[in-house]
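Participant: Got a predicted structure plus its sequence, pasted below:
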Amino acid sequence: MDLSEYVGIPYRFGGSSRDGADCWGLVRLIYRERYGKELPAFDHDGLTEEECGLMVDHGKPLVNATRVGGIPIMGDLAVLKIHGAPCHIGIVIGGPGERNLLHTLKGHNSAIDRYDGPRWHGRLEGFYRV
């Protein structure tokens, strides 16, 4: 399944559409359109982006996802640490062993990145399968 059509979506705090999405919103958009699954939305009202980022870790039980041991597959969620906190999420793309994820960060459009590359090396909290 090719997810390249999701590359270039503008970052928008609290967004979950092709017009703009944050990291969780991008995952929700892909799961809604490609997998027919509606993942839970989190209330952003009154929270800073940093506080919302922490919801990635606290929200894992609400997503009904299982931690993956071993090699992830396309569609698995990759939870990543920023400043030591597991507060960023992306979606694994490509085949086993390719080590790519699709994600978006504040100030950047959605993009493909390597979860074992220079930016994310040593910052992977784990993989989860919905």
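Facilitator: Sure thing, it's come through.
Participant: Run through who's touching the lengthiest helix in the chain.
Facilitator: Ranked by residue count under DSSP state H, the longest helix found in the chain is helix 23-35. Residues outside helix 23-35 that contact it (C-beta atoms under 8 Å, 6 or more residues apart in numbering): 1, 3, 6, 9, 12, 14-18, 21, 37-39, 41-42, 52-53, 55-56, 59, 75, 77, 88-91, 102-105, 110, 130. C-beta: built from backbone N, CA, C; applies to glycine.
Participant: can you tell me which residues contact the spatially most central residue of the chain?
Facilitator: Closest to where the C-alpha atoms of the chain average out (C-alpha atoms, centre = their mean) is G90, at 2.3 Å. With contacts defined as C-beta under 8 Å, 6+ apart, G90 is in contact with C23, L26, V27, L77, A78, L80, L101, L102, H103, D113, Y115.
Participant: where's it, which helix or strand?
Facilitator: G90 is located in strand 85-93, with elements delineated by DSSP states H and E.
Participant: Tell me the first helix or strand C-terminal of that strand.
Facilitator: Taking DSSP H and E, what comes next after strand 85-93 is strand 100-103.
Participant: Of all the residues in the helix or strand just after that following strand, which ones are buried?
Facilitator: Scanning the chain past strand 100-103 towards its C-terminal end, the next helix or strand to appear is strand 111-114 (assignment: DSSP H and E). Using 16 or more other C-beta atoms under 10 Å as the burial criterion, the residues of strand 111-114 that qualify are I112, D113.
Participant: mind listing what the helix or strand following strand 111-114 pairs with, with the direction of each?
Facilitator: Heading C-terminal from strand 111-114, the first helix or strand you meet, by DSSP H and E, is strand 124-129. Each strand that strand 124-129 pairs with, and the sense of that pairing, follows from DSSP bridges: strand 66-68 (antiparallel), strand 77-82 (antiparallel).
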